[in-house]
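Chemist: Provided below are the primary sequence and the corresponding predicted coordinates.
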Amino acid sequence: MVTKDERRRQLAREKYERQQQRRAEQQKKARKRNAAVAAGLAVVLVAGGAAWASVGLTEEEKTLTDASAEASAEASASPSARLEQDPCGKPAKGKAATKTWKKEPALDVDASAKYTMELRTTCGDISFTMDAEKAPHTVNSFAFLAGEKYFDHTKCHRLTTSGIYVLQCGDPTGSGSGGPGYNIPDENLDALGKPGGTGTVKYPAGTVAMANTGQKDSGGSQFFLVYRETELPPSYTPFGTVSEDGMKVLKKIADAGVQGGGGDGAPVAKVVLYEETG
């Protein structure tokens with residue numbers, strides 16, 4: 001006959017095993033997640049006296065290294081789980097571009113110039129400096145796409161709030177699979193400590209990096225903005241740093257959470273880039 005104490009221990013053991021199984025399933029799903037989300041934002045790129053409007057990024061596969069109970073609790077306690085309220089303004093009328101190109105634009109960026117990207121969004125302006133010296137192909141592509149108004153009226157379609165902490169943008173289709181029709185090479189991976197290596201590295205809060213398909217040199221127009229230090233494989237080109245004011249806007253977007261209260265999906269905040277005027 002089973003005593004009460006034995007039954008209690010058995011139930012505790014079964015509960016622990018169920019928790020471990022759920023955690024293993026979460027980690028498995030996390031490893032398969034595509035953590036580079038496409039965001040639609042209208043931007044002004046400034047290098048000296050030149051200005052462009054628009055920004056781009058590419059779709060990328062990211063590994064979530066920690067699907068811990070703490071992360072899960074964080075996601076369930078997010079504002080979106082309590083109240084889905086969009087903190088952003090209404091987007092201007094218009095449609096995102098559908099144009100694509102067969103090859104990367106000619107490399108004519110000035111590596112010695114200081115470039116500042118201003119993402120003008122319905123949630124506020126997010127500006128960041130870009131490193132043309134260490135990531136010339138990436139910055140050059142942004143300048144080109146901005147000049148083509150490639151990202152006007154596009155939306156940031158993905159926010160992650162569990163395990164990794166990024167807002168993904170740069171896909172006019174809003175699906176996470178769109179791009180400009182060409183790819184750019186990986187750059188500046190030495191800054192991560194172990195480029196092309198296994199395991200993960202820390203992408204500091206404020207980092208702007210390119211998304212990709214998980215394959216070498218597969219960047220396009222999608223990028224992601226890190227609003228809280230995040231561990232990822234050392235495979236995504238870091239090329240920019242968000243300003244202090246820009247981080248406030250990013251955190252406002254992140255605090256609104258994910259639609260439905262999950263940890264990965266469309267953000268409650270409808271972040272839309274609007275057409276640059278003037």
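Modeler: Good, I have the coordinates.

Chemist: these two touch, right, residue 103 and residue 182?
Modeler: Yes. Counting by C-beta atoms under 8 Å, residue 103 touches residue 182, with 5.2 Å between them. All C-beta atoms are positioned from the backbone trio N, CA, C, and that covers glycine.

Chemist: Between the two, which is the more surrounded one?
Modeler: Legend: neighbour count by other C-beta atoms under 10 Å for residue 103 and residue 182, higher for residue 182 (16 against 8).

Chemist: Please report how far the more buried one lies from residue 99.
Modeler: Separation of residue 182 from residue 99 (C-beta to C-beta, to the nearest Å): 12 Å.

Chemist: Then residue 209?
Modeler: Distance from residue 209 to residue 99, by C-beta to C-beta: 24 Å.

Chemist: where do the helices sit along the chain?
Modeler: For the chain, the helices defined by DSSP state H occupy 4-32, 69-76, 79-82, 136-147, 244-256.

Chemist: Tell me which of residue 209 and residue 99 has more neighbours.
Modeler: More crowded of residue 209 and residue 99, by other C-beta under 10 Å: residue 209, with 28 against 11.

Chemist: my guess is the more buried one contacts residue 237, does it?
Modeler: Yes. With contact defined as C-beta under 8 Å, residue 209 reaches residue 237; the gap is 5.9 Å.

Chemist: Need the contact partners of stretch 128-136.
Modeler: The contact list for stretch 128-136 (C-beta atoms under 8 Å, 6 or more residues apart in numbering) reads 45, 47, 107, 109-117, 119, 138-140, 142, 187-188, 191, 206, 208, 225, 237-243, 246.

Chemist: list the contacts for residue 183?
Modeler: Residue 183 neighbours (C-beta under 8 Å, 6+ apart): 58, 104, 217-220.

Chemist: give me that answer again for 7 Å
Modeler: Each residue near residue 183 by C-beta atoms under 7 Å, 6 or more residues apart in numbering is listed here: 217-220.

Chemist: what's the distance between it and residue 201?
Modeler: 22 Å.

Chemist: confidence score at residue 143?
Modeler: Residue 143 carries a pLDDT value of 87.

Chemist: Residue 87 now?
Modeler: Checking the pLDDT column for residue 87, the value is 93.

Chemist: same deal with the one 4 residues further on?
Modeler: With respect to pLDDT, residue 91 scores 85.

Chemist: does it really touch residue 269, like I thought?
Modeler: No. Under the criterion of C-beta atoms under 7 Å, residue 91 makes no contact with residue 269, lying 11.6 Å away.

Chemist: When the two are compared, which one has more neighbours?
Modeler: residue 269 (27 against 18).

Chemist: what residues are up against that one?
Modeler: Contacts of residue 269 (C-beta under 7 Å, 6+ apart): 86-88, 123, 253, 256.

Chemist: Closest one to residue 176 out of the residues you listed, please.
Modeler: residue 253 (17.1 Å; C-beta to C-beta).

Chemist: can you count the residues close to that closest one?
Modeler: Residue 253 has 26 nearby residues by other C-beta under 10 Å.

Chemist: do residue 204 as well
Modeler: So residue 204, with other C-beta under 10 Å, has 11 neighbours.

Chemist: where does this protein dip in pLDDT?
Modeler: Within the chain, the segments meeting pLDDT under 70 span 1-9, 11-83, 194-198, 274-278.

Chemist: which residues in it form strands?
Modeler: Counting by DSSP state E, the chain has strands at residues 42-47, 50-53, 115-121, 124-130, 158-160, 166-169, 201-203, 207-210, 223-226, 230-232, 238-242, 264-265.

Chemist: can you put these in a markdown table and add distance to residue 177?
Modeler: Rendered in a markdown table, the data for these read as follows (distance: least, C-beta to C-beta, whole Å):
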| stretch | distance to residue 177 |
| --- | --- |
| strand 42-47 | 21 |
| strand 50-53 | 24 |
| strand 115-121 | 21 |
| strand 124-130 | 23 |
| strand 158-160 | 12 |
| strand 166-169 | 12 |
| strand 201-203 | 22 |
| strand 207-210 | 15 |
| strand 223-226 | 15 |
| strand 230-232 | 20 |
| strand 238-242 | 22 |
| strand 264-265 | 15 |
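
Chemist: between those, which one is nearest to residue 176?
Modeler: Taking the strands of the chain one by one with C-beta to C-beta, strand 158-160 is closest: 6.3 Å.
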